[in-house]
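A.B. asks: need a structure here:
(one chain, ligands or ions: 1)
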Amino acid sequence: MALLTVNNLTKNYDGKPAVNEINFQFQPGKCIALIGPNGAGKTTTLRMLSGLIKPSSGSVTFSGMKQNDDIRKYIGYLPQYPVFYAWMTGKEFLIYVGRLAHLSKEEANKRTEMLLERVGLTEAKNRRIGKYSGGMKQRLGIAQAMIHHPKLLMLDEPVSSLDPIGRREVLTLMEELKEDMTILFSTHILGDADEVSDELLLLHEGKIVESGSMEELRHKYQTAKIELRFQDDLVNYRAKIDNLPSVVTCSMDRNTIHVMATDILSARKEILAAASKEEWPLTSFAINRASLEDMFMKAVSN
Ligand SMILES: Nc1ncnc2c1ncn2[C@@H]1O[C@H](COP(=O)(O)OP(=O)(O)OP(=O)(O)O)[C@@H](O)[C@H]1O
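C.D. replies: Down below sits the predicted model:
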């Protein structure tokens, strides 16, 4: 049975939908990544699920949830920009949060020690939070979200503001936690989703444009792509390639143009014909397997 079921969930701001009739459900024990570019509606979705904002329409149901139950009982939430009292120690902060969650003094103490251990902060527990690194603060934030034994842990962009060391700390912790927790986290970094999640929900302009297990999606989008390198003037060649009939998407990074096509062989023919006719200064031409990023580009361009 699904742990969480979301039905036609919508949030309008000033008459415009930030999240537009989304539907999904997931099973307990999974780690799900909510992926989307900036402004796709990830934070709005998580805030509705956690009960922080009211949907304009639609519903969120937890398995075992009774009528008029407060959904916050079931969910632990780490916001994108968590706020801590810098003058408190990590331990004091967790006890404080535990008391706010109605734990007895004894329970709050016990749970705090357990969670400090779980997120690897036992040694730093008596240090002021103001002295913690970014990664330590996020780990404390995750402990805070778990204080009341939630069934689902929701993390909004848990690693996007961290340096590489902090990112590694938090991703490793998520890998460990997903062994015994259901986790839903948002990110716009596909590599992070690829690394820790079992399932993806791809959000674009407030709608879910793709979803499924990593395996299913890899299979579905398993396709080849063409990568081209030029001496210079990439923008000009990108525009030309984009106009070829078989080309579906054409993206560009510093020195490479990535081409996805309905039929890779036709695209190869068209590109090479144009390159030969117009004597393009190509330095490399390769056909490779598409990455998760290419899948994303293809899904949002449909
Ligand atoms: N309180 C608000 N009032 C008006 N518009 C809002 C409000 N909150 C969000 N929006 C708009 O809703 C859309 C979705 O925003 P949201 O923050 O959910 O996206 P996001 O995917 O989390 O983006 P980011 O990665 O930048 O955090 C955006 O266009 C945003 O400007």
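A.B. asks: Please tell me I have it right and residue 292 contacts residue 189.
C.D. replies: No - with contact defined as Cβ atoms under 8 Å, residue 292 does not reach residue 189; the gap is 10.4 Å. C-betas here are computed from N, CA, C, even on glycine.
A.B. asks: For the helix or strand of the chain with the lowest mean pLDDT, buried residues please.
C.D. replies: The least trusted helix or strand in the chain, going by mean pLDDT, DSSP states H and E, turns out to be helix 292-301, with a mean of 72. By 16 or more other Cβ atoms under 10 Å, the buried positions in helix 292-301 come out as 292, 294-300.
A.B. asks: residue of the stretch 51-200 of the chain with the smallest distance to the ligand?
C.D. replies: With Cβ to the nearest ligand atom, the shortest gap between the stretch 51-200 of the chain and the ligand falls at residue 188, namely 5.4 Å.
A.B. asks: Could you count how many residues lie near that residue?
C.D. replies: 18 (other Cβ atoms under 10 Å).
A.B. asks: which residues touch it?
C.D. replies: Residue 188 makes contact with 35-38, 40, 42, 157, 160, according to Cβ atoms under 8 Å, 6 or more residues apart in numbering.
A.B. asks: Same question for residue 18.
C.D. replies: 11-12, 41, 44, 206.
A.B. asks: and those, which of them are in helices?
C.D. replies: Residues of these located in helices (DSSP state H): residue 44.
A.B. asks: Derive a PyMOL selection command for the buried subset of the contacts of residue 18.
C.D. replies: Selection of buried members from these for PyMOL, criterion 16+ other Cβ under 10 Å:
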select buried, resi 11+41+44+206
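A.B. asks: out of the contacts of residue 18, which one sits closest to the ligand?
C.D. replies: Checking the contacts of residue 18 one by one against the ligand (Cβ to the nearest ligand atom), the nearest turns out to be residue 44, at 3.3 Å.
A.B. asks: surely that closest one meets residue 19?
C.D. replies: Yes - using Cβ under 8 Å, residue 44 makes contact with residue 19 at a distance of 5.0 Å.
A.B. asks: quick one on the thing from earlier: which of the buried residues of helix 292-301 lies closest to the ligand?
C.D. replies: residue 300 (12.7 Å).
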